[in-house]
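Visitor: no sequence on this one, just coordinates:
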Ligand code: T4K
């Protein structure tokens with residue numbers, strides 16, 4: 001650990017000297033959980049002899065069953081990644097028209113809507129939990145609206161009961177992007193049980209992963225057949241292609257990783273809770289810092305991300321300066337989610353100028369700090385000490 005001194009010019013124009021502690025090796029926003037190697041090889045040994053490594057193999061089937069049990073839902077389908085799972089969810093419902101969604105998300109959410117020939121309609125977000133603001137949904141509904149696609153961003157559940165009420169009133173489908181929300185419970189029930197379909201990402205950066213992977217959970221068993229067709233080129237038999245599909249099948253190596261990692265989900269969530277508690281205890285109350293609320297009694301959190309909002313006036317410097325100074329000291333934070341989806345270059349200002357004040361403010365202030373099971377509490381302390389030092393010297 002070294003001390004790193006650096007002068008920076010603050011927003012107000014004056015110069016300040018920071019004395020930050022530099023980590024000996026880089027710490028990223030996350031680090032993929034790797035189970036004991038022997039446990040993974042034991043799983044793949046089972047498929048080595050039968051030479052069946054994709055297309056609904058035995059591990060795939062077993063993984064699906066285990067997830068039905070874990071997620072407490074009737075139906076689960078496995079796909080190659082979360083993004084194609086989301087596109088598959090939209091295609092399964094055969095939607096045409098407008099989909100109300102959030103601009104404060106990863107590119108995947110909006111790209112899934114657009115790739116399926118649907119039009120995203122952006123709703124502002126709640127300033128406390130950063131999820132879609134349910135009080136602003138109804139004003140966006142018109143005769144072209146067919147669905148709502150909210151995101152349980154950072155794993156915090158959306159206001160699912162209000163969303164359900166609105167969807168019933170206007171006869172809309174609800175597809176949850178639950179990419180961040182594996183393992184989360186609301187009122188003692190798995191978050192997977194809400195909406196018409198929910199999509200969970202099992203990407204390597206997620207708290208529970210299958211290298212890459214996507215899970216769809218749903219109540220209506222009739223969806224199963226269509227999902228199976230879509231993810232396998234629409235093929236229903238050796239000589240029958242029933243619909244136009246694509247290849248989005250999860251392979252056996254992914255299923256093997258998922259099966260092994262499922263045994264570690266609870267332990268890893270507990271470790272993440274300790275890290276979250278440490279961050280909260282050290283950062284709570286610092287002027288200009290806003291943290292998520294992790295203390296609602298009806299939610300079992302998964303602690304998948306640790307977002308912090310930095311108010312430049314009250315904290316002393318902007319989120320961008322904190323990001324830069326921490327990065328110089330081997331602490332690599334991420335601006336999840338900046339820019340807003342409405343500001344992506346690929347949309348060429350098609351959605352610019354929308355009235356999304358909370359989303360804009362939060363996207364400009366947010367920084368997600370490192371969190372993963374092996375992150376030591378000592379490192380969390382150093383990260384927080386550095387943040388506090390930046391605040392102290394910036395006033
Ligand atoms: N909807 C939402 C709301 C999502 O957040 C996502 C994905 C999706 C849908 C789509 O699900 P998938 O199709 O991905 O299953 C990362 C992830 O790639 C992405 O899955 C995730 N959201 C997003 C929030 O984060 P990047 O571009 O930030 O990843 P990358 O490669 O910069 O990695 C971030 C950090 O993770 C690195 O600094 C180090 C660490 N890392 C990364 C990889 C790839 C590892 O430790 N090991 C690894 O193998 O998107």
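Guide: Everything's here; your move. Predicted model, so just to flag it, every value in this text is computed and none were measured. Numbers count the residues shown, from 1 in each chain.
Visitor: contacts and neighbour counts: CA atoms only from here.
Guide: Fine.
Visitor: my read: residue 273 touches residue 304, true?
Guide: No - between residue 273 and residue 304 there is no contact under Cα atoms under 8 Å: 9.2 Å.
Visitor: residue 90: what's it in contact with?
Guide: Contacts for residue 90 (Cα atoms under 8 Å, 6 or more residues apart in numbering) come out as 112, 113, 116, 175.
Visitor: more neighbours: residue 273 and residue 304, which one.
Guide: residue 304 (27 against 19; other Cα atoms under 10 Å).
Visitor: just the pLDDT at the more buried one, thanks.
Guide: What the model reports for residue 304 is a pLDDT of 98.
Visitor: for the ligand, see how far away residue 161 is.
Guide: Distance of residue 161 to the ligand, given as Cα to the nearest ligand atom, to the nearest Å: 20 Å.
Visitor: show me what whichever strand or helix holds that residue is in contact with.
Guide: Assigned by DSSP states H and E, residue 161 belongs to helix 160-170. If you take Cα under 8 Å, 6+ apart as the criterion, helix 160-170 is touched by 134, 138, 147, 148, 172, 173, 174, 194, 195.
Visitor: now the buried members of the residues you listed.
Guide: 134, 147, 148, 172, 173, 174, 194, 195 (16 or more other Cα atoms under 10 Å).
Visitor: closest one of the residues you listed to residue 345?
Guide: Closest approach to residue 345 among these (Cα to Cα): residue 148, at 24.0 Å.
Visitor: in three-state terms, how would that closest one be classified?
Guide: With DSSP: H, G, I helix; E, B strand; the rest coil as the basis, residue 148 sits in strand.
Visitor: residues in contact with it?
Guide: Going by Cα under 8 Å, 6+ apart, the list of residues near residue 148 reads 99, 100, 101, 167, 172, 173, 174, 175.
Visitor: ok, it to residue 23 distance?
Guide: 43 Å (Cα to Cα, to the nearest Å).
Visitor: likewise residue 59?
Guide: Residue 59 is 41 Å from residue 23, by Cα to Cα.
Visitor: next one: residue 281
Guide: As judged by Cα to Cα, residue 281 and residue 23 stand 21 Å apart.
Visitor: counting neighbours, go ahead and name the busier of those two.
Guide: residue 23 (19 against 11).
Visitor: quick one: what helix or strand has residue 255 in it?
Guide: Assigned by DSSP H and E, residue 255 belongs to helix 252-262.
Visitor: for that helix, name the packing helices and strands.
Guide: Using 3 or more Cα pairs under 8 Å, 6 or more residues apart in numbering; DSSP states H and E, the elements in contact with helix 252-262 are helix 37-48, helix 58-71.
Visitor: return the most buried member of the ones you listed.
Guide: Each of the helices and strands packed on helix 252-262 was scored by mean neighbour count; the highest is helix 58-71, a mean of 18, by mean count of other Cα atoms under 10 Å.
Visitor: just the angle for that one relative to helix 252-262, thanks.
Guide: 30 degrees (axes from the mean of the first three to the mean of the last three Cα atoms, to 10 degrees).
Visitor: give me the contacts around helix 58-71.
Guide: 74-78, 183, 190, 192-193, 250-252, 255-256, 258-259.
Visitor: ok, of those, which come out buried?
Guide: 75-78, 183, 190, 192-193, 250-252, 255-256, 258-259.
Visitor: which one of those residues is nearest to residue 287?
Guide: The shortest approach to residue 287 among the buried ones among the contacts of helix 58-71 belongs to residue 183, at 32.3 Å (Cα to Cα).
Visitor: that closest one and the ligand, how far apart?
Guide: Where the ligand is concerned, residue 183 sits at a distance of 15 Å (Cα to the nearest ligand atom).
Visitor: same check on residue 193?
Guide: For residue 193, the distance to the ligand (Cα to the nearest ligand atom) stands at 18 Å.
Visitor: quick one: that residue and residue 76 touch, right?
Guide: No - counting by Cα under 8 Å, residue 193 stays clear of residue 76, with 10.8 Å between them.
Visitor: shared neighbours of those two, which are they?
Guide: Residues touching both residue 193 and residue 76 by Cα under 8 Å, 6+ apart: 217, 218.
Visitor: good, we can wrap up now.
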